[in-house]
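J.: Could you work out the structure for the sequence below:
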Amino acid sequence: MIDASQIREHLEVVGSDGGHVGRVDHVVGGEIELAKLDLGGALKHHLIPITWVDHVDDDGVHLNLTQDDAKARWREKH
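T.: You can find the predicted model right below:
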């Protein structure tokens, strides 16, 4: 289980294929809100569940699905 306190603002979020998904804005409940000013997010806030996180290290938040899968399944914040 991932400790949500390890997920820090501005960490890069990358897919299992190494592709850029976004940057962490903050953690809200069981989800990571991605920064909307990141080029990967098309200038919108997106939410991804913490359950997608494989591990967190100094290089970023690494997901257990690819960049394309994450972007196909993320939820846009309204």
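J.: Please make it C-alpha for all contacts and neighbour counts, starting now.
T.: OK.
J.: What's the separation between the closest residue in space to E76 that isn't next to it in sequence and G15?
T.: Leaving out its chain neighbours, the residue that sits closest to E76 by Cα to Cα, 6 or more residues apart in numbering is H46, at 4.4 Å. The gap separating H46 from G15 is 15 Å, by Cα to Cα, to the nearest Å.
J.: What's the separation between the most centrally placed residue in the chain and V24?
T.: For the chain, V13 is the residue whose C-alpha lies nearest the centre (Cα atoms, centre = their mean; 4.5 Å). Noted for V13: a distance of 7 Å to V24, by Cα to Cα.
J.: same question, E31
T.: Applying Cα to Cα to E31 and V24 gives a distance of 10 Å.
J.: The residue nearest to E76 touches W74, doesn't it?
T.: Yes: look at H46 against W74 with Cα atoms under 8 Å: they come within range, at 6.3 Å.
J.: The two: which is more packed in?
T.: H46 (22 against 14; other Cα atoms under 10 Å).
J.: Do you know the pLDDT at the more buried one?
T.: H46 is assigned 94 on the pLDDT scale.
J.: G41 now?
T.: For G41, pLDDT reads 62.
J.: check contacts around H78.
T.: For H78, no residue meets the contact criterion (Cα atoms under 8 Å, 6 or more residues apart in numbering).
J.: Tell me the helix or strand right after the longest strand along the chain.
T.: Longest strand in the chain by number of residues (criterion: DSSP state E): strand 20-28. Downstream of strand 20-28, the next assigned helix or strand under DSSP states H and E is strand 31-34.
J.: who's in contact with that next one?
T.: Counting by Cα under 8 Å, 6+ apart, 22-27, 41, 45-50 sit against strand 31-34.
J.: what's the spacing between the helix or strand just after it and its chain's center?
T.: Remark: after strand 31-34, the chain's next helix or strand is strand 46-49, criterion DSSP H and E. Taking Cα atoms, centre = their mean, to the nearest Å, the mean C-alpha location of strand 46-49 is offset from the chain mean by 6 Å.
J.: List the neighbouring strands of strand 46-49 plus their orientation.
T.: Paired with strand 46-49 in the same sheet, following DSSP bridges, are strand 31-34 (antiparallel), strand 75-76 (antiparallel).
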